[in-house]
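Enquirer: coords below, sequence missing:
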Ligand code: KG4
Ligand code: ZN
C-alpha cells in the first residue's frame, strides 16, 4: 500500500509518499518527503502569523504535492493521509481540503491524522518498531507531551505542559536575548560558547494535578513560563548593573551564558521527566520526537541517559524531527491498518485531542 501524506498544521507545507514494506519490524519506507518552509515569511514578525501562514500554504501546496508524487516514483497512491489537528485552523484547512479533493478525485480513502501521532510514528518510520511498552516525549513549538504506548497505534497521555511548550520557551527566550527567530536552532548554536552554570534558573516541578485534567497524575506535567520570566528578570537586572537602557543589547558573552543556562535547565527537566516516567511505567524503550528533538544537547543527554539505564532511545534524524508529511503518512498507515478511515465531510480541529 502507498500513502500520500499532507501536513499544513503550522508553518511548513509538506507532502510525502510512504509505502509499506511488508516487514513487521520496519513497516514503512519513505519514497519522497518534500517540505516548503515558511520561515522567511514569518521572520520579520518574530513568530508565525496565522493568516500569512494559511495564504502561503495555498500558494505552495500544489507544487509540493506534485513534487512528492514525481519523486515518489509511483505517480499513484492508495490513500491520502492529512493532518486534521491540532494546529492553526486556517492552515489545517488548506491541507485537509486539498487531501479531500485528492481522495475524491482519485477515489481513494481519506485518513485523518493527529499531528502528534505523526511525530510519534516518525520514530518508527526511521528506526523500526519500538520495544513496548514505550514512553515517548513529544516536544515541539506547540506541545510538550508525554505518552505511554502499550499497543502499537494507541497513545495514552501521561502529562503535558501547563503553560508554554518547550519550543515556545526556546522561541520566546531567543527573542528576549535578541537572537531572532526561530529561537530553538539559534540557542542551540550559541550555547556552546556560554557557561551553562553561569546563571541560576529555576526548574519547575509540578506536584498537584490540574483542575482542567484531574485524570492525569499531574506530577508528570511540565511548566516553562516561570523559567522564561526568570530569564527576563535576570536580563533586566544585568542591564541595570551595566547601566544600559531597558531594551539595549547585552554583551555577547552574557547572552551566550544565559542561552546555555536556559538550555541546560530545559534539557535536564525534559530528560529527567522522560526517564522517570519510563521507570514508573516499566518502559522497554523511550523516544523523543518533535521539533525540539533536533536540539543537540537534548539528543546527547537522552542518548547518554539511555546507555546508563540500558534503555534504547529513539530520536528521529533532523529532517524527520521538524514538521514533515512522511510522519503523517506513516501514522495514516497505522490508522488505516486499524480500520480507521473518514468520510469526506470531516472538519479540521485546531485543538484535536490525542487521548
Ligand atoms: O515540531 P515543529 O517543527 O513544529 C511544531 O509542531 O510546533 O517544532 C518547532 C519548534 C520551534 O519552537 C523551534 O524553535 C524548535 O522546534 N526547534 C528547536 C531546535 N530546532 C527546532 N528547539 C531547540 N533546539 C533546536 N535545535
Ligand atoms: Zn510538529
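Expert: The structure has been received and is ready for your questions. Predicted model, so just to flag it, every value in this text is computed and none were measured. Ligands and ions are numbered 1, 2, ... in the order given.

Enquirer: Could you check the helix or strand bottoming out on mean pLDDT in the chain and say which residues are buried?
Expert: Scoring the helices and strands of the chain by mean pLDDT, DSSP states H and E places helix 39-43 at the bottom, with a mean of 89. For helix 39-43, the neighbour count (16 or more other C-beta atoms under 10 Å) marks 41, 42 as buried. (Glycine included, C-beta is placed from N, CA and C.)

Enquirer: Summarise which helices and strands that helix is packed against.
Expert: The elements that helix 39-43 packs onto, with contact taken as 3 or more C-beta pairs under 8 Å, 6 or more residues apart in numbering; DSSP states H and E, are helix 50-72.

Enquirer: Tell me the helix or strand right after the helix it packs on.
Expert: Note on helix 50-72: by DSSP states H and E, the next helix or strand toward the C-terminus is strand 79-85.

Enquirer: what about that next one, distance to the chain center?
Expert: Computed by C-alpha atoms, centre = their mean, to the nearest Å, the separation of strand 79-85 from the middle of its chain amounts to 17 Å.

Enquirer: now the angle between helix 50-72 and it, please.
Expert: Strand 79-85 and helix 50-72 are oriented at 160 degrees to each other (axes from the mean of the first three to the mean of the last three C-alpha atoms, to 10 degrees).

Enquirer: For the protein, what lies in contact range of ligand 2?
Expert: 140, 323 (C-beta under 5 Å from the ion).

Enquirer: Which helix in the chain has the most residues?
Expert: helix 252-280 (DSSP state H).

Enquirer: what mean pLDDT does that one have?
Expert: Throughout helix 252-280, pLDDT has a mean value of 97.

Enquirer: Same question for stretch 149-168.
Expert: Mean pLDDT, stretch 149-168: 95.

Enquirer: Please say whether there is contact between it and ligand 1.
Expert: Yes - interface with ligand 1: stretch 149-168 contributes residue 167 (C-beta under 6 Å from any ligand atom).

Enquirer: Pull out the buried residues from that stretch.
Expert: Neighbour counts using 16+ other C-beta under 10 Å place 149, 152-153, 155, 157-168 of stretch 149-168 among the buried residues.

Enquirer: Can you get me the start-to-end distance on it?
Expert: 25 Å (C-alpha to C-alpha, to the nearest Å).

Enquirer: just to revisit the earlier point, now look at the longest helix of the chain and say if it contacts ligand 1.
Expert: No - on the criterion C-beta under 6 Å from any ligand atom, helix 252-280 is out of touch with ligand 1, staying 7.7 Å away.

Enquirer: before we move on, the earlier item: so which of the buried residues of stretch 149-168 are in helices?
Expert: Filtering these for helices - DSSP H - leaves 166, 167, 168.

Enquirer: closest to residue 72 among the residues you listed?
Expert: Nearest to residue 72 among these: residue 167, at 29.3 Å, using C-beta to C-beta.

Enquirer: who's in contact with whichever residue of the stretch 201-350 of the chain sits closest to ligand 1?
Expert: Nearest residue of the stretch 201-350 of the chain to ligand 1 (C-beta to the nearest ligand atom) works out as residue 291 at 2.0 Å. For residue 291, the contact set (C-beta atoms under 8 Å, 6 or more residues apart in numbering) comprises 139, 140, 141, 167, 184, 321, 322, 323.
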